[in-house]
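Asker: Here is my input, please return the structure:
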Amino acid sequence: MASPIEHVPEEESLSSESDHSFSCNLCGAICAVTERDADRERSSCNECSSTMRQRGLAALLSQELLGVALSLSELPGLKDVCGLGLSDPEGLAEKLAAKFDYTNTYYHREPALDIQNPGAEHKGRYDFIICSEVMEHVPGPLEAAFSNLYTLLKPDAFLLLTVPYRLGDGIDEHFPDLNEYSLAEVGDETVLLNRTRQGELQVHRDLCFHGGGGSTLELRLFSESALLAMLEDAGFEDIEVCTAGFSEFGVRFAEQWSLPIVARKGKFRLPANETLPILQKLAQKVRNLESELVERETTLERELQSTRTNYEKFVEFHESSQADLERQLEERERWVRKVEEDFEMRSLELKELDKKKNAALADMHQALTSNAQAWEKVAQLERELSRPVLKITRVLRRMGRRAARLFHRN
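Answerer: The predicted model follows:
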């Protein structure tokens, strides 16, 4: 029955800050990591160029053997533990060979192993097998290949498996009629020539190779359910899919597919002569962790006290500032009220002055009207007086002429 692996380190979000770092469990280098390093096949260690997939396998191996994910440098030498690699990366294989009775094998060169025909000398020999990015390249029948993986293990051993897979069901076989086949170069293109069991000749183009040409041709794409079913059919009963990752080693899975899988044939137990040194090493690691924890706790306590002091200063400053602001606000309110009262008084005075102005304008208008009427009356009187004056003048003139005539007569 397949289930997710339970792992102690906390999961970290892929959106973590760019200054996040991890310790490479292959070489020990401290490396910075960003979101783009979530690609499981991207080299993300600046020292050994290890990928997330390789570091995940090393961490899972330590966890299965010892119950805790240690870096390879922290692992004690366990030469009584026998391991088999199927075309493991050289950097990982060298580290494993230094710690275990481990052999890395290949399909096309020595030490050679064909998982379809592994040889009787390998049966029941291995405590662990690492089969990483292999099963998508193995020609059928697949049932035999998975069964051989089971057969090569000791009764209490386990398989670490990675393979590109999708979610859903079924297996996408790229060449379902594959029988007698070879690769050929046609111009600049590599094609697959296949003769089916019925004798039909097929030519397949647009091939997908992993890491180069030749034997790395991808033959199929698994689904998770089909992959787990094949492991169960091979005899594995305890199968787990690793979803949590190991953030301390830069192993953080962005997707929910193509995850590492642990398939256990039984419950692994270390050889008796290997147990004491491992327990001593683990005890020393626990003591170191306890010392680091005490130091970290002391540091955190100091930081907490500093934070508390700063907070109290902030509260004191805030309260003082609040009182000062309230006092300034009260003064501003009094000033506003005084301004409003002055404005009201000025408004009343302005209204009174406006009334007086209007009354003065009315009086001036009335005076101007009376003055115009008086001048009109004067003009009328002058007109009325001009006629009698004219008449008198005429009478005086006639009287003067008469007087002159009388004077001449006498």
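
Asker: Every contact and neighbour count from this point should use C-alpha atoms.
Answerer: Noted.

Asker: how distant is stretch 64-79 from the center of its chain?
Answerer: Offset of stretch 64-79 from its chain centre (CA atoms, centre = their mean, to the nearest Å): 33 Å.

Asker: Check which residues of it are buried.
Answerer: Residues of stretch 64-79 classed as buried by neighbour count (16 or more other CA atoms under 10 Å): 64-66, 69-72, 75-78.

Asker: which residues touch that stretch?
Answerer: Contacting residues not belonging to stretch 64-79 are listed as 24-28, 58-63, 95-96, 98-101, 268-270, 274, 277-278, 281 [CA atoms under 8 Å, 6 or more residues apart in numbering].

Asker: and these, which are buried?
Answerer: 24-28, 58-62, 95-96, 99-101, 268, 278.

Asker: Could I get the buried residue list for stretch 141-158?
Answerer: Residues 145-155, 157-158 are the ones in stretch 141-158 that count as buried (16+ other CA under 10 Å).

Asker: Among those, which ones are in strands?
Answerer: Judged by DSSP state E, strands contain the following of these: 153-155, 157-158.

Asker: ok, back up a step: of the buried residues of stretch 64-79, closest to Arg334?
Answerer: Arg334 lies nearest to Ala69 out of these, by CA to CA, at 71.7 Å.

Asker: Give me the three-state assignment for the residue nearest to the closest one when sequence neighbours are not counted.
Answerer: Of all residues not flanking Ala69 in the chain, Gln63 sits nearest, at 4.6 Å (CA to CA, 6 or more residues apart in numbering). Assigned with DSSP: H, G, I helix; E, B strand; the rest coil, Gln63 falls in the helix class.

Asker: Pro388 too?
Answerer: Put simply, Pro388 is helix when judged by three-state DSSP.

Asker: Quick one: neighbours of it, just the number.
Answerer: Residues within reach of Pro388, counting by other CA atoms under 10 Å, total 11.

Asker: Same question for the one 3 residues further on.
Answerer: Other residues within reach of Lys391, judged by other CA under 10 Å, total 11.

Asker: Could you do the one 3 residues further on as well?
Answerer: Other residues within reach of Arg394, judged by other CA under 10 Å, total 12.

Asker: Phi, psi for it please.
Answerer: phi -60, psi -40 (degrees, to the nearest 10).

Asker: related to what we said a few turns ago, list the ones among the buried ones among the contacts of stretch 64-79 that fall in helices.
Answerer: Those of the buried ones among the contacts of stretch 64-79 mapping onto helices are 58-62, 95-96, 99, 278, per DSSP state H.

Asker: Tabulate those residues (a markdown table), appending pLDDT and distance to Ser258.
Answerer: Formatted as a markdown table, these follow (pLDDT from 0 to 100; distance: CA to CA, whole Å):
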| residue | pLDDT | distance to Ser258 |
| --- | --- | --- |
| Ala58 | 94 | 17 |
| Ala59 | 94 | 17 |
| Leu60 | 95 | 15 |
| Leu61 | 94 | 18 |
| Ser62 | 92 | 20 |
| Lys95 | 93 | 24 |
| Leu96 | 95 | 23 |
| Lys99 | 93 | 28 |
| Ile278 | 65 | 32 |
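
Asker: Output those residues as TSV; include the columns distance to Trp257.
Answerer: Output for those, formatted as TSV (distance: CA to CA, whole Å):
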residue	distance to Trp257
Ala58	19
Ala59	19
Leu60	17
Leu61	20
Ser62	23
Lys95	27
Leu96	26
Lys99	30
Ile278	34
